[in-house]
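1. Pasted the sequence and its predicted model underneath.
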Amino acid sequence: MRWLTALLLALLLGLQYKLWFGEGGLLEVYELNRALERQRAENRELRSRNEALEAEVRDLKTGLEAIEERARRDLGMIAEDEVFFQVVDPEDIRNDEP
């Protein structure tokens, strides 16, 4: 009777080991769920970035205001009959001197 109890206990421990640490065990499922949640969060961020880029492309294709804004911001262009003022911070001048 004693050997039967030991055998059943060993069998129980072996099954518990597989449940917790074996292939497809609870720890692996937990890690996979965490990885899935991280991937979903990254997908949400990328989806919002893609939507913003898509809206910007749509604006550039349809409206002149978006093109004008990009030209002003990125290329430093000014419209006809405008006066350009450049404000220089005195701290930047002092930092440039050797």
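-> That came in fine, so what should we check first? Numbering: from 1, shown residues only.

2. Tell me who's in contact with the residue nearest the centre of the chain.
-> The centroid of the chain falls nearest to Glu42 when counting by C-alpha atoms, centre = their mean (4.3 Å). By C-beta atoms under 8 Å, 6 or more residues apart in numbering, the contact list for Glu42 is empty. Just so you know, the C-beta spots here come from the backbone N, C-alpha and C atoms, and that holds for glycine as well.

3. Let me see the mean pLDDT of the one helix or strand it maps to.
-> Per DSSP states H and E: Glu42 is located in helix 26-62. For helix 26-62, mean pLDDT rounds to 92.

4. go on, stretch 84-94?
-> Averaged across stretch 84-94, pLDDT comes to 78.

5. how near is the residue nearest to the centre of the chain to Arg58?
-> Relative to Arg58, Glu42 is positioned 25 Å away (C-beta to C-beta, to the nearest Å).

6. now swap in Trp3 and tell me
-> Taking C-beta to C-beta as the measure, Trp3 falls 77 Å from Arg58.

7. Also Asp89?
-> In terms of C-beta to C-beta, Asp89 sits 37 Å off from Arg58.

8. ditto for Leu11
-> When C-beta to C-beta is the yardstick, Leu11 and Arg58 sit 65 Å from each other.

9. same deal with Leu64?
-> In terms of C-beta to C-beta, Leu64 sits 14 Å off from Arg58.

10. again, but for Arg73
-> Taken as C-beta to C-beta, the span from Arg73 to Arg58 is 18 Å.

11. Pull the number of nearby residues for the nearest residue to Ala71 once chain neighbours are set aside.
-> Spatial nearest neighbour of Ala71, excluding adjacent residues (C-beta to C-beta, 6 or more residues apart in numbering): Met77 at 4.4 Å. Residues contacting Met77 under the criterion other C-beta atoms under 10 Å number 12.
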